[in-house]
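Participant: Quick one, fold the following:
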Amino acid sequence: MTQRQDVEKADLNANDIASAGPEKRKVFVKTYGCQMNVYDSERMSDVLAPEGFSATENVEEADLVILNTCHIREKAAEKVYSDLGRIRKVKEARALEGKDMMVGVAGCVAQAEGEEISRRAPIVDLVFGPQSYHRLPKLLNDARSGQKVVETEFDIDSKFKHLSEQAARPVMKRPPAAFLTVQEGCDKFCTFCVVPYTRGAEVSRSVEQIVDEARQMAAGGVREVTLLGQNVNGWHGQASDGQTWGMGRLLRELAQIDGLDRLRYTTSHPRDMDDDLIEAHRDLKELMPYLHLPVQSGSDKILASMNRKHTRDEYFRLIDRIRTMNPDIAMSGDFIVGFPGETDQDFEDTMDLIRKVEYGSAFSFKYSQRPGTPGALMEDQVPEDVKTARLAELQELIASQQTAFNASRQGMICDVLFERKGRNPGQLVGKSPWLQPVPVDAPEELIGTIQPVEIVGIGSNSLFGTLIAGHHDSGGMITGGVKEIAI
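Facilitator: You can find the predicted model right below:
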């Protein structure tokens, strides 16, 4: 499963592509959930730009509204229907002004609900799953002709081919950090998860497709790429000579691309952390010292019930091996509390695991039943008030560990990739090697560069820094990425 974002957000990044064609239209894309959806939404904007669409933040002026949905969060489908109710009022108001608005529902809820969305929400003109967005122009034309479009067939190979064709187009300006999908789908079938049913079986892009897109990104100004997949470290792509590569070898290849100075990947499964990938965390200065490695529970009984196919001790041994290769790494994880059958002792086992691992950050959720998954049919569902209390206790522990990790960065000099202007005048916000945002007083021309910064303060989620004098060049990096200073 993918790493989740806590806040649903409108995807406002259309890569500033100029609209093509005689008719100028506006598209509003709302992105729910995971980083894969953020990537897909950006590619939707790419697909729509030649059709004359430019992005808008204002749904009231949109000629096309797309909800790119996620099925991971609790009551995900109901949230979509609630948003569609609000959009219906906007569509009706535009109709009174003689303006058309088309509405599309994309992503994993679209894949899972299919025709049900069209039945419950007649304002929806097209429903399409996560493997079909590259066909948006045709789907829009079909919808304009009066058809109710429901496109939920799995065709990941066609999607990957389209991504490669996009990468072959002329270089366009991109933000300093970007996502790159290398793998989709999941074969793990954890009993709580809908991803195998909404994204399909695991499919890996080829080495050539990935490297070509990464080169195009670097040529467009991208300095940091995060490789995406539902089970990203399970990627096994075919090279041009017919050999099959693993993630460690791919990262080593990407590290050779000029201008691409930072690499990350998410989301990983403990069963697919092989030796070569673990050693890459020792060998590659470009591979950032941050790893999201979900465990979900610290109880062997619950792990077995979840069909995770690993034990708590195996997870501990894996963490030890990773930290031997890179002692500075920040570990992140996912936790589900209140899975069916979870006792007080099972929960305590999870708390014990968290105390022993010491995470730099984590995502945590109350278990909720997903229709069609084995967990939804299990007995011994945990009462809601128990889940709520356990989640609060777990999140308090995680928050204290995150604060402690951030405090351990105080006084360091580290590389910061500046990505955007901050809230205050004269301030930029960058990203640390460990993924925290870092506000710094710095000139705007440093956006897109990597600069040495001294960490002079911490927040619950952020680090605060000061530029190191005399290093404001075009983006060189400190050797090794981190230095201690005497204080």
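
Participant: Which residue ranges of this structure form helices?
Facilitator: 35-48, 76-96, 107-113, 115-120, 136-144, 156-167, 195-198, 207-219, 247-254, 275-283, 300-305, 312-325, 344-357, 384-408 (DSSP state H).

Participant: Can you say which of the ones you listed is packed in most?
Facilitator: Ranked by mean neighbour count under mean count of other Cβ atoms under 10 Å, those are led by helix 107-113, which reaches a mean of 26. C-beta coordinates here come from the backbone N, C-alpha and C atoms, glycine included.

Participant: Looking at the helices of the chain, spot the one closest to G375.
Facilitator: The closest of the helices of the chain to G375 is helix 300-305. By Cβ to Cβ, the value is 8.1 Å.

Participant: neighbouring contacts of the closest one?
Facilitator: Contacts of helix 300-305 with the rest of the structure, by Cβ atoms under 8 Å, 6 or more residues apart in numbering, involve 191, 295-297, 310-312, 339-342, 346, 349-350, 378.

Participant: who does the residue lying closest to P130 once chain neighbours are set aside bridge with?
Facilitator: Leaving aside its sequence neighbours, P130 sits nearest to G107 (Cβ to Cβ, 6 or more residues apart in numbering; 5.5 Å). Counting by DSSP bridges, G107 forms beta bridges with T69.

Participant: distance of G107 from V182?
Facilitator: When Cβ to Cβ, to the nearest Å is the yardstick, G107 and V182 sit 19 Å from each other.

Participant: related to what we said a few turns ago, was I right about the residue nearest to P130 contacting D40?
Facilitator: Yes. Contact between G107 and D40 holds when scored by Cβ atoms under 8 Å: they sit 7.2 Å apart.

Participant: what's the overlap in contacts for these two?
Facilitator: Listed contacts common to G107 and D40 are N68, P130; contacts here mean Cβ under 8 Å, 6+ apart.

Participant: Skipping its backbone neighbours, what lies nearest R144 in space?
Facilitator: Residue nearest to R144 in three dimensions, not counting chain neighbours: M102, with 7.5 Å by Cβ to Cβ, 6+ apart.

Participant: try G360
Facilitator: The shortest distance from G360 to any non-neighbouring residue, by Cβ to Cβ, 6+ apart, is to A330 (3.3 Å).

Participant: which ones are touching that neighbour?
Facilitator: By Cβ under 8 Å, 6+ apart, A330 lies in contact with P289, Y290, L291, Y359, G360, S361, F405, W434, L435.

Participant: residue contacts, the second one?
Facilitator: Applying Cβ under 8 Å, 6+ apart, one finds that Y290 lies in contact with R264, I329, A330, S332, G360, P433, W434, L435.

Participant: Among the residues you listed, which one sits closest to D385?
Facilitator: For the contacts of Y290, with D385 as the reference and Cβ to Cβ as the criterion, the closest is S332, at 28.1 Å.

Participant: Do you know the pLDDT at the closest residue to the closest one other than its chain neighbours?
Facilitator: If you skip the residues right next to it in sequence, S332 has H292 as its closest partner in space, 4.2 Å away by Cβ to Cβ, 6+ apart. Confidence at H292, expressed as pLDDT, is 97.

Participant: What distance do you get for H292 to I302?
Facilitator: Per Cβ to Cβ, H292 is found 20 Å from I302.

Participant: With G221 instead?
Facilitator: When distance is defined by Cβ to Cβ, G221 is 45 Å away from I302.

Participant: low pLDDT regions in the protein?
Facilitator: Using pLDDT under 70 as the threshold, the predicted model of the chain has low-confidence ranges 1-23, 72-74, 154-172, 470-487.

Participant: OK, contacts around L284?
Facilitator: By Cβ under 8 Å, 6+ apart, the contact list for L284 reads L251, R252, A255, L263.

Participant: By neighbour count, sort out the buried ones in the contacts of helix 300-305.
Facilitator: Neighbour-count burial (16 or more other Cβ atoms under 10 Å) applied to the contacts of helix 300-305 gives 191, 295-297, 310, 312, 339-342, 346, 349-350.

Participant: Please tabulate the residues you listed in a markdown table and include distance to Q35 as additional columns.
Facilitator: What follows is the buried ones among the contacts of helix 300-305, written out as a markdown table (distance: Cβ to Cβ, whole Å):
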| residue | distance to Q35 |
| --- | --- |
| T191 | 24 |
| V295 | 19 |
| Q296 | 18 |
| S297 | 23 |
| H310 | 23 |
| R312 | 27 |
| F339 | 24 |
| P340 | 28 |
| G341 | 31 |
| E342 | 28 |
| D346 | 30 |
| D349 | 29 |
| T350 | 25 |
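
Participant: Now flag whichever of these is closest to I322.
Facilitator: When the buried ones among the contacts of helix 300-305 are compared for distance to I322, the smallest value, 12.9 Å, is given by V295; criterion: Cβ to Cβ.

Participant: Pretty sure that closest one sits against L353.
Facilitator: Yes. Judged on Cβ under 8 Å, V295 makes contact with L353 at a distance of 6.8 Å.

Participant: Now the common contact residues for the two.
Facilitator: In the contact map built from Cβ under 8 Å, 6+ apart, the residues linked to both V295 and L353 are R312, Y315.
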